[in-house]
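K.L.:
sharing a model that was predicted from the sequence below.
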Amino acid sequence: MIGQMFSKPEKFKVYWNRLMEEIVQLGIKSVGIVVLMSVFMGMVLVIQTASSIDSPLIPLYTVGYTSKQSILLEFSPTIIALILAGKVGSNIASELGSMRVTEQIDALEIMGVNSINYLITPKIAGSILIFPIVILFSMASAFAGGYLACYTTGLVTIDTYEYGIQLFHDSDMLYLQYALGKTAVFAFIMTSISAYQGYYVKGGALEVGRASTRAVVYSSILILLFNYIITQLVLID
Amino acid sequence: MIEVKNISKTFGDTQILYDVSFTFEKGKTNLIIGQSGSGKSVLTKCIVGLHKPEIGQILFNGRDMVTINNREKKNVRKEIGMLFQGSALFDSLTVMENVMYPLTMFTKMTKAQMKERAKFCLDRVDIIGKDNLYPSEISGGMQKRVAIARAISMKPEYLFCDEPNSGLDPKTSILIDELIKDLTEEYQMTTVVITHDMNSVLEIGDNIMFIYKGHNHWTGNKESILTTKNEEVVDFVYSSKFMKMYREKII
Ligand SMILES: Nc1ncnc2c1ncn2[C@@H]1O[C@H](COP(=O)(O)OP(=O)(O)O)[C@@H](O)[C@H]1O
Ligand SMILES: [Mg+2]
């Protein structure tokens, strides 16, 4: 009994290390592609909005304002979540799937390790913790992309863009909460679905490939569906 | 000692195991032999509790794996070492970390003690100077050895080996067989080896169960298997040209 009590911290350390591993694997390692995509998307948003404004009645600060709305509400939380679902979903499903077909999961179970707790829980918890931070990076990069586009194209001055961004900032906090909350839900959806697909694979390498395709497709569809549901619940009142 | 009593196992509509009973003895290499698809792996997975049989008892020194609760099951499993067909080493861990893994999860040893124990086990299976390599960087035979080292790291009472020779050349196979037999005697383990390799049978078959279409069809040892008149066993044993020639000599 006392022995078990003393062995608890050791185990806690094992699970803590697993959580950190997954945060790095799923989150930190995705920052690069997320930043890259977000910068380009921010640039494109500015250029497209600016070039579609051809009436003198619409002020140019609309560019900043609409960019902000798109980035906060949909682009960063949803589009980036779909990108992550592709990257992280296939990664999780193929990792767990190949562990299943090579009997590594059986090996854990035989040793008396609860394989779900050991393998899957840190993935779900880690992504719920880290994805909102990744999304903050995405937002920052998208705004930076916008500045870059203003600077390089001269379609809108930086001052005007900035003015547009600051417009109606009262609701920004709510939008940010909504976006990060949404991200946490998407993180749960993509990791749990992909883990399920991978963990219960039967057969060989071919089935692992199929499972990872299913993981990405199902996660993406559910993310879109939940995006609709959450948006309706939160933004219509 | 592991006593298997009247085990039946069904997947959906297909029955795989029919009323199988057998006693696996301590300090001996007990063999489960039979053709591919006869139910050897399913039986083993029932014994270690990865599958639940519909009927029967599986007694690990009296503790019934089928009916005990999860906590007791975990305790029994800590006494089990298993060598899987494809080695099942963890890809993401080095050779050393693989052998240390059970120690990290289940003991209060310090890192230095774990390293020492892992090193001892790796030495025992003749893997030296490969500590920091990953499983994909060593040969199949070495992977098997590392998996054996991992299986014995917790000083198990029971050792299970699912086709330890599959994918190995004949010479390496024999070395692995000898290693398993030596370890069994040294640590007085109850060892269960699944195989369909006649070389292994003749090398290490202390106590043999021949499983045929899900039935325990014949039991014996490496001597009696050569002289039995059981038709299916004869068919299995003397299926190769080499063994047929041998048979003409001894009869
Ligand atoms: N999880 C499972 N679900 C359904 N059928 C299975 C499962 N595992 C094994 N079987 C079937 O049980 C039979 C025996 O398989 P197995 O025990 O693996 O044979 P072997 O003697 O070669 O190890 C095979 O026909 C196999 O298809
Ligand atoms: Mg088998």
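P.N.:
Done, it's in. Ligands and ions are numbered 1, 2, ... in the order given.
K.L.:
from the chain's centre, how far out does the biggest helix by length in chain A sit?
P.N.:
When chain A is scanned for its longest helix (criterion: DSSP state H), the result is helix A:121-153. Put simply, helix A:121-153 sits 9 Å off its chain's centre (CA atoms, centre = their mean, to the nearest Å).
K.L.:
after that helix comes which helix or strand?
P.N.:
helix A:158-166 (DSSP states H and E).
K.L.:
where do the strands sit along the stretch 51-200 of chain B?
P.N.:
B:55-60, B:63-64, B:80-83, B:158-162, B:190-195 (DSSP state E, counting those that start in this stretch).
K.L.:
among those, which comes closest to ligand 1?
P.N.:
Across these, ligand 1 has its closest neighbour in strand B:190-195 (6.6 Å, CB to the nearest ligand atom). All C-beta atoms are positioned from the backbone trio N, CA, C, and that covers glycine.
K.L.:
in its sheet, what does the closest one sit against?
P.N.:
Strand B:190-195 pairs in its sheet with strand B:29-33 (parallel), strand B:158-162 (parallel), by DSSP bridges.
K.L.:
got the contact list for the first one?
P.N.:
If I follow you right, that is strand B:29-33. B:24, B:40, B:43-44, B:180-181, B:184, B:190-196, B:200-201, B:204-211, B:236 (CB atoms under 8 Å, 6 or more residues apart in numbering or on different chains).
K.L.:
same thing with the last one?
P.N.:
Contacts to strand B:158-162, defined as CB under 8 Å, 6+ apart, come from residues A:110, B:2, B:40-41, B:44, B:47-48, B:60, B:79-85, B:151-152, B:180, B:183-184, B:189-194.
K.L.:
what separates it from the chain centre, distance-wise?
P.N.:
3 Å.
K.L.:
low pLDDT regions in chain A?
P.N.:
A:1-10, A:237 (pLDDT under 70).
K.L.:
hang on, the earlier thing: out of the strands paired with strand B:190-195, deepest packed?
P.N.:
strand B:29-33 (a mean of 26; mean count of other CB atoms under 10 Å in any protein chain shown).
K.L.:
quick revisit: any chance of the strands paired with strand B:190-195 in JSON lines, with mean pLDDT too?
P.N.:
Formatted as JSON lines, the strands paired with strand B:190-195 follow (pLDDT from 0 to 100):
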{"stretch": "strand B:29-33", "mean pLDDT": "95"}
{"stretch": "strand B:158-162", "mean pLDDT": "94"}
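K.L.:
could the ones you listed be laid out in a markdown table, adding distance to residue B:134?
P.N.:
Shown next, in a markdown table, are the strands paired with strand B:190-195 (distance: least, CB to CB, whole Å):
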| stretch | distance to residue B:134 |
| --- | --- |
| strand B:29-33 | 30 |
| strand B:158-162 | 22 |
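K.L.:
got TSV for the ones you listed, with distance to ligand 1 too?
P.N.:
TSV is the format used below for the strands paired with strand B:190-195 (distance: least, CB to the nearest ligand atom, whole Å):
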stretch	distance to ligand 1
strand B:29-33	8
strand B:158-162	8
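K.L.:
per-residue pLDDT, residue B:227?
P.N.:
pLDDT, the model's per-residue confidence, is 86 for residue B:227.
K.L.:
who's in contact with it?
P.N.:
So residue B:227 contacts residue B:250 (CB under 8 Å, 6+ apart).
K.L.:
go again using 10 Å as the cut-off
P.N.:
The contact partners of residue B:227, by CB atoms under 10 Å, 6 or more residues apart in numbering or on different chains, come to B:220, B:234, B:237, B:247, B:250, B:251.
K.L.:
residue A:90: which of the residues you listed is nearest?
P.N.:
residue B:237 (47.5 Å; CB to CB).
K.L.:
what's the local residue count around that closest one?
P.N.:
22 (other CB atoms under 10 Å in any protein chain shown).
K.L.:
next: the one 10 residues further on.
P.N.:
Number of residues near residue B:247 (other CB under 10 Å) recorded here: 14.
K.L.:
if I read this right, it contacts residue B:225, doesn't it?
P.N.:
No - the pair residue B:247 / residue B:225 is not scored as a contact, 11.8 Å apart, by CB atoms under 10 Å.
K.L.:
shared neighbours of the two, anything?
P.N.:
B:234, B:237.
K.L.:
what parts of the stretch 101-250 of chain B come near chain A?
P.N.:
By the rule CB under 10 Å from any CB of the partner chain, the part of the stretch 101-250 of chain B lying against chain A is B:101-102, B:104-109, B:135, B:147, B:150-151, B:153-154, B:160, B:162.
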